[in-house]
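# The sequence isn't on hand, but the structure is:
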C-alpha cells in the first residue's frame, strides 16, 4: 500500500469523528508522521496490509505502525500503551488497508459485561470522566465491525 493512500484514509476517519481537537490536516499528518517500523517502508510503499495510526495530543506525536496480522493491532490497542492509556488520544486501525471501526467490550469479571463502546463513545466518556475512565477494566475485547468476518 502507498503511504499517501493510508494517510488519506486516516484523514477521512479523523474528519468523520468530528472533534475539533482532532482536526489534523493531511499535510500536518504527513509532515509529523513517525513510521514505527522503517524497515517495512520502501519510498512511499508500505510493506504490509494492517496498520495502526496513533495520535498522542499532548506531545503532539503522530505514529503509524505496520503489522503482519490484525491480532497484533488488537494486542497493542488493548495493552497498556493502547487506546486506554491516558496519554493516547486516538488510535485508528486499518485492516487490509481499510479503516476498521471497532467496538470494545469491558468486563467486570471473565463473563460479566460492564460496558461496550466504539471510538466516538470512548472519546466522549474520556471528555466527561477523564482519561483514566477505563483503567479499572483490565479484561477487554475488541470486535471489529465492517471487516472480514473471519477476524
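Received the coordinates, thanks. Keep in mind the model is a prediction, meaning the values are calculated, not measured.

# So which elements touch the helix or strand in which residue 124 is found?
Secondary structure assignment for residue 124, by DSSP states H and E: helix 119-129. On a contact count with 3 or more C-beta pairs under 8 Å, 6 or more residues apart in numbering; DSSP states H and E, helix 119-129 meets helix 3-17, strand 90-95. C-beta coordinates here come from the backbone N, C-alpha and C atoms, glycine included.

# Tell me the strands beside the helix or strand following that helix, with direction?
Beyond helix 119-129 on the C-terminal side, the first helix or strand identified by DSSP H and E is strand 139-144. Strands adjacent to strand 139-144 in the sheet, as given by DSSP bridges, are strand 102-107 (antiparallel).

# outside of the partner strand, which residues touch it?
For strand 102-107, the surrounding residues in contact (C-beta atoms under 8 Å, 6 or more residues apart in numbering) are 78, 83, 93, 113-119, 122, 134, 137, 139-145.

# list the contacts for the residue nearest to the spatial centre of the chain?
The chain has residue 91 as the residue nearest its centroid, 2.1 Å off, counting by C-alpha atoms, centre = their mean. By C-beta under 8 Å, 6+ apart, the contact set of residue 91 is 52, 53, 54, 55, 77, 82, 83.

# Could you dump these into TSV with secondary structure added?
As requested, the contacts of residue 91 are exported to TSV (DSSP: H, G, I helix; E, B strand; the rest coil):
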residue	secondary structure
52	strand
53	strand
54	strand
55	strand
77	helix
82	coil
83	coil
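
# possible to save these as TSV with pLDDT?
Shown next, in TSV, are these (pLDDT from 0 to 100):
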residue	pLDDT
52	93
53	91
54	89
55	85
77	89
82	83
83	80
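
# what's the weakest-modelled helix or strand in the protein?
Every helix and strand of the chain was ranked by mean pLDDT, DSSP states H and E. The lowest is helix 26-32, at a mean of 66.

# Check which element follows that helix along the chain.
strand 33-35.

# Go ahead and measure how far the next helix-or-strand element following that following strand is from the middle of the chain.
Following strand 33-35 in sequence order, the next helix or strand is strand 41-42 (DSSP H and E). In terms of C-alpha atoms, centre = their mean, to the nearest Å, the centre of strand 41-42 is set 22 Å apart from its chain centre.
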